[in-house]
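K.L.:
What follows is a protein structure lacking sequence information:
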């Protein structure tokens with residue numbers, strides 16, 4: 001009788017635990033925000049954009065340097081790799097004999113975008129430059 005009672009309690013506990021909704025697991029993303037020439041042109045305006053706005057749109061810079069006059073220069077570098085592949089296949093048969101063929105090709109390229117932003121003493125964008133390299 002005691003064994004039956006323990007089994008019933010264990011079964012009830014497992015059933016109730018299975019019914020409790022679990023919060024979905026959300027992946028933590030450490031990926032840097034998107035940095036493209038279009039984003040740079042949309043979000044940076046000389047004499048208007050502040051450091052806080054730059055941080056909001058592009059995240060933390062890779063390198064920060066302070067000049068002798070008290071202004072700062074922020075540098076961003078973002079890299080991307082593009083992989084392309086193509087596969088072709090075919091099959092032929094003559095009565096009982098047969099054959100097949102397969103061909104594949106692939107290509108890989110890299111892209112680097114560098115953005116340099118100069119701020120004045122009021123922490124407003126004084127100047128900026130960006131450059132893209134493909135290799």
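P.N.:
Yep, it's here. Note that the structure is a prediction, hence the values are computed from the model and not measured. Numbering: from 1, shown residues only.
K.L.:
And residue 84, how close does it get to residue 56?
P.N.:
From residue 84 over to residue 56 the distance is 34 Å, taken as Cβ to Cβ, to the nearest Å. (C-beta placed from N, C-alpha, C; glycine too.)
K.L.:
repeat for residue 134
P.N.:
As for residue 134, its distance to residue 56 is 28 Å (criterion: Cβ to Cβ).
K.L.:
When those two are compared, which one has more neighbours?
P.N.:
Here residue 134 and residue 56 are compared on neighbour count by other Cβ atoms under 10 Å; more neighbours surround residue 56, at 11 against 8.
K.L.:
Check what contacts the helix or strand hosting the more buried one and list those residues.
P.N.:
Assigning secondary structure by DSSP states H and E places residue 56 in helix 51-58. Contacts of helix 51-58 from elsewhere in the structure, counted by Cβ atoms under 8 Å, 6 or more residues apart in numbering, are 32-33, 35, 39, 43-44, 72, 74, 76, 115, 117, 119, 123-125.
K.L.:
So which of those sit within strands?
P.N.:
Cross-referencing those against strands under DSSP state E gives 72, 74, 76, 115, 117, 119, 125.
K.L.:
circling back to that earlier point, which ChimeraX command selects the buried ones in the contacts of helix 51-58?
P.N.:
Those of the contacts of helix 51-58 that count as buried under 16 or more other Cβ atoms under 10 Å are selected in ChimeraX with:
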select :35,39,44,72,74,76,115,117,119,124,125
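K.L.:
Quick check: the farthest pair among the contacts of helix 51-58?
P.N.:
Greatest spatial distance among those (Cβ to Cβ): 32 and 124, at 23.1 Å.
K.L.:
Next, the buried residues of the helix holding residue 56.
P.N.:
Within helix 51-58, the residues scored as buried using 16+ other Cβ under 10 Å are 51, 54, 57, 58.
K.L.:
would you list the residues you listed in CSV and tack on distance to residue 8?
P.N.:
Converted to CSV, the buried residues of helix 51-58 look like this (distance: Cβ to Cβ, whole Å):
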residue, distance to residue 8
51, 64
54, 63
57, 59
58, 60
